[in-house]
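In: Here is a sequence with its predicted model. Questions after.
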Amino acid sequence: GIAGLEGNGQKALLKTKIGALEKAKGEIYIDGKQVTIKKPSDAIESGMALITDKRATEGLCLGLNVKHNFALPTLRMRQVFGIIRSDKEKEIVINNIKDLNVKTPSLTKIVKYLSGGNQQKIVVGKWLNAEPRILLFIEPTIGIDVGAKTEIYQLIRELADSKRRGVVVVTSDMLELRGLCDRILVMYKGKIVSEIDGKDATEESIIKATVNH
C-alpha cells in the first residue's frame, strides 16, 4: 500500500531511513527482519530507494544524457569482469523510456533540457531498475505540470498495487494525500502522532490531526 506522511520532520525521517542522516535511536525492519543502515548503499542493498524532491542537485546529473542518468545507479548489475554491457544497458533504457512515457528525442539528449515532468520520470525510473521493494518519495510531483503529475500518480499506484511494493510518500499537497494514499500518518516534532485511513481522510481531519498536537 501507499503511506503518506504529513507534518514536520517527515523529510528527515526518510533520509534517516536510507542512511543519509544519522539516527539518534530506533530500529528499521523490513519484512519483519531488522536491518542495519548506516549509509545509502546499505539501504539500496536492503531494497530501499529514495526519490528526492531536489531533482537538480540530488536526483539527476543534469549535464549527462538520458541514457547515463537512467543507468548510473545500477551499473554493477551490467558489468562482466569490470566491463559494462552497453547493449544490455541500451535495451534497459529504451524500455524505461517506453514504459514511463519519457518524451525525449534521443538517448543522448542532455537531461537539463527536458521538462520537469520528464526529468522526474527519469529520477523514478533509474531507481526502478534496481528493483527496490520499498520506495520512498519526497514531494513526488513538485514543480511539474498537471499531465505529468497524473502519470506519476498512476505509476506510484501501480507500484503499490500491481508490483506489490511498499511506498511511502512525503507531501504537503492535501489533494495528493487524499487521492493517493491508503494511510496518512501525521507527524509532529519528529514523531507520528496520528494515523488516518485514506478512504476516510478529509482536509479537515488532516488539519485537525496536525494542529491538535
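Out: Good, I have the coordinates. Numbers count the residues shown, from 1 in each chain.
In: Only C-alpha atoms from now on, for both contacts and neighbour counts.
Out: Noted.
In: any weak-confidence spans in the chain?
Out: 6-8, 80-82, 213 (pLDDT under 70).
In: Let's see that with 80 instead.
Out: By pLDDT under 80, the low-scoring segments of the chain are 1, 4-9, 11-12, 23-25, 75-85, 189-190, 212-213.
In: hey, where'd the strands end up in it?
Out: 2-7, 28-30, 33-35, 48-51, 79-80, 83-84, 134-138, 166-170, 183-188, 191-197 (DSSP state E).
In: Adding mean neighbour count and distance to G147, write those strands out as CSV.
Out: Listed next are the strands of the chain as CSV, based on neighbours: other Cα atoms under 10 Å; distance: least, Cα to Cα, whole Å:
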stretch, mean neighbour count, distance to G147
strand 2-7, 24, 21
strand 28-30, 11, 34
strand 33-35, 10, 38
strand 48-51, 23, 19
strand 79-80, 12, 37
strand 83-84, 12, 35
strand 134-138, 22, 19
strand 166-170, 23, 19
strand 183-188, 22, 24
strand 191-197, 16, 27
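In: possible to save the ones you listed as CSV with distance to K121?
Out: Output for the strands of the chain, formatted as CSV (distance: least, Cα to Cα, whole Å):
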stretch, distance to K121
strand 2-7, 19
strand 28-30, 26
strand 33-35, 29
strand 48-51, 10
strand 79-80, 25
strand 83-84, 24
strand 134-138, 12
strand 166-170, 16
strand 183-188, 24
strand 191-197, 28
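In: Nearest to L14 among those would be which one?
Out: strand 134-138 (6.9 Å; Cα to Cα).
In: same for the closest one, what does it pack against?
Out: Strand 134-138 is packed against strand 48-51, strand 166-170, with contacts defined by 3 or more Cα pairs under 8 Å, 6 or more residues apart in numbering; DSSP states H and E.
In: Using PDB, list the CA coordinates for the longest one.
Out: Output of strand 166-170 as PDB, limited to C-alpha atoms (Å, rounded to 0.1, in the frame of the first residue of the first chain):
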ATOM      1  CA  GLY A 166       5.800  -0.700  -0.300                       C
ATOM      2  CA  VAL A 167       5.500   3.000  -1.000                       C
ATOM      3  CA  VAL A 168       5.900   6.000   1.400                       C
ATOM      4  CA  VAL A 169       5.100   9.500   0.200                       C
ATOM      5  CA  VAL A 170       6.100  12.700   2.000                       C
END
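In: closest one to G117 among the strands of the chain?
Out: Set against G117 and scored by Cα to Cα, the strands of the chain come closest in strand 48-51, at 13.6 Å.
In: in its sheet, what does the closest one sit against?
Out: Strand 48-51 has the following sheet partners, assigned by DSSP bridges: strand 134-138 (parallel).
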